[in-house]
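Visitor: Fold the following, please.
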Amino acid sequence: MRQFERFSSDTTISFSVFQNRASGQGILKNISLSGGFIESRQIPPPNTWVTLKFSHDSIGTIQTAARSLREDKRGFSIHFAWTDRTALSSLRDFLTTLGGTRDPGRKSPEDPTEESSLD
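Guide: Below is the predicted model of the structure:
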């Protein structure tokens with residue numbers, strides 16, 4: 001059972017890899033307080049730290065760090081490392097705006113999940 005509720009999202013997100021400064025963009029497809037899934041053609045390898053950045057009209061820009069957990073042909077899953085209380089608060093506010101779009105969970109084998117996340 002998940003520790004935190006997961007929400008559907010179709011939010012444009014940019015990311016950069018800590019180790020080699022590679023960057024990319026994608027679509028944040030689902031998100032919870034502990035992680036999410038990003039659809040992207042640029043996929044960091046598992047266990048790579050990335051900086052994530054996305055914007056919301058009423059909240060502004062949210063930037064935080066996460067670790068990539070796994071990859072598949074559509075994108076990669078992430079797990080948040082909450083060392084920044086401001087980023088955590090901003091993400092919590094963002095999730096509040098998604099309140100009506102809860103992700104009911106895995107529907108098919110192709111549906112991305114956070115299977116290896118800690119929630």
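Visitor: And the helices in the chain, which stretches?
Guide: Per DSSP state H, the chain carries helices over the ranges 85-97.
Visitor: Any idea which residue is closest to the centre of it?
Guide: Gly36 (3.4 Å; C-alpha atoms, centre = their mean).
Visitor: I'd guessed it sits against Leu69; true?
Guide: No - with contact defined as C-beta atoms under 8 Å, Gly36 does not reach Leu69; the gap is 10.2 Å. From N, CA and C alone the C-beta is placed, and that goes for glycine too.
Visitor: can you give me the strands for this protein?
Guide: Counting by DSSP state E, the segments of the chain that form strands are 7-17, 23-31, 35-39, 49-56, 60-72, 75-80.
Visitor: Run the angle between the longest one and strand 49-56 for me.
Guide: Pointing back at strand 60-72 there. Between strand 60-72 and strand 49-56, the angle comes out at 130 degrees (axes from the mean of the first three to the mean of the last three C-alpha atoms, to 10 degrees).
Visitor: try the third one
Guide: With the same axes, to 10 degrees defining the directions, strand 35-39 sits at 80 degrees from strand 49-56.
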